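[1] sequence first, then the predicted structure, then my questions.
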Amino acid sequence: MQTKPGTDFSDEESQRYSRNALLDGVGWEGQARWRAGKVLVVGAGGLGSAALLYLAAAGVGRLGLVDGDAVELSNLQRQIIHYSTDVGRRKVASAAESLTALNPHCRLETFDLRLDPDNLREVVQGFEVVLDASDNFVTRFLLAEQCWQAGLPLVSAAATGWHGQLLVQMPGAANPCYRCLVPEAPSAEAVPPSTQAGILGAVAGALGCLQAVEALKLLLDRETDLSRRLLAYDGLQGRFQSLERVKRADCLLCGKM
């Protein structure tokens, strides 16, 4: 493992990423891979805020950001990439400003839109890892299908109330996809939105941080148990559970593989 920064790392970058390079399995070779990495984050809300900030801080070289909303006052309790002065601004603009202030070495690509079947393929194209930090099942299903068909790893998380979930969809004949776990969108009664159930900002942040961890591992080609398991977090009990995910023969997305 390369223990000293290469000549293509500036003195400023060498100081900025020095703690990363000390990590077992990272070093300056790993840091160079992160700098060359291309990660797309769908959603600049509670999950996406934490994920984006830590990906930028780690030195991911190209970050894509998708969000079609404007900042609202009620967002600020959990969406820590935005500030009070950003209320009314487009989320992609607000988030890009915060990320540039944190790490000007990151190249940002913003998409001020809502994903749909017509624009999804073009938006996803060119990225290595996709993070689903959205807040609706329509977007989750679209991303799961596109990433599976394109062979892209998808790190998907969700949070509501005191609870959160995290999984990795890794395309492959032996691996389950997102729809093996969630074949159809559950009812609003089964999974009420945060406008009804509320959400603790720190829970969303915790899951977003874990998404960033998984994305950084994937950029290093590190294996993850979450490609076949679901990580469930109960904030009230202070408890994580790792649950097995099973590939379904009748899955609408991957069942024929």
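    Looks like it arrived, so ask away. All values reported here derive from a predicted model rather than from experimental measurement.
[2] surely Ala51 meets Ala206?
    No - judged on CB atoms under 8 Å, Ala51 makes no contact with Ala206 at a distance of 11.0 Å. No exception for glycine: its C-beta is placed from N, CA and C like everyone else's.
[3] neighbour count for the two, which is higher?
    Ala51 (30 against 21; other CB atoms under 10 Å).
[4] Lys38: neighbouring residues, count only.
    Lys38, neighbours per other CB under 10 Å, totals 16.
[5] I'd say it and Val124 touch.
    No - in this structure, Lys38 is not within contact of Val124 by CB under 8 Å, at 10.7 Å.
[6] element containing Pro104, please.
    Under the criterion of DSSP states H and E, Pro104 resides outside all helices and strands.
[7] what pairs with Glu244 across the strands?
    Beta bridges link Glu244 to Arg229, judged by DSSP bridges.
[8] what does stretch 193-211 contact?
    45-51, 54, 77-80, 131, 133, 135, 155, 157-166, 188, 231, 233, 235 (CB atoms under 8 Å, 6 or more residues apart in numbering).
[9] switch the cut-off to 6 Å
    Residues outside stretch 193-211 that contact it (CB atoms under 6 Å, 6 or more residues apart in numbering): 46-47, 50-51, 54, 77-78, 131, 155, 157, 159-162, 164, 166, 235.
[10] over to stretch 86-104?
    Stretch 86-104 is contacted by residues 44, 56, 65, 67, 69-71, 73, 81-82, 108, 110, 112 when judged by CB under 6 Å, 6+ apart.
[11] if we can go back for a sec, which of the contacts of stretch 193-211 are buried?
    Among the contacts of stretch 193-211, the ones that count as buried by 16 or more other CB atoms under 10 Å are 46-47, 50-51, 54, 78, 131, 155, 157, 159-162, 164, 166, 235.
[12] just the ones of those in helices?
    Using DSSP state H, the members of the buried ones among the contacts of stretch 193-211 that fall within helices are 46-47, 50-51, 54.
[13] and Leu210, how far from Arg35?
    22 Å (CB to CB, to the nearest Å).
[14] ok, Ala56 - contacts?
    Listed by CB under 6 Å, 6+ apart, the contact partners of Ala56 are 99, 102-103, 106.
[15] brilliant, that's me finished.
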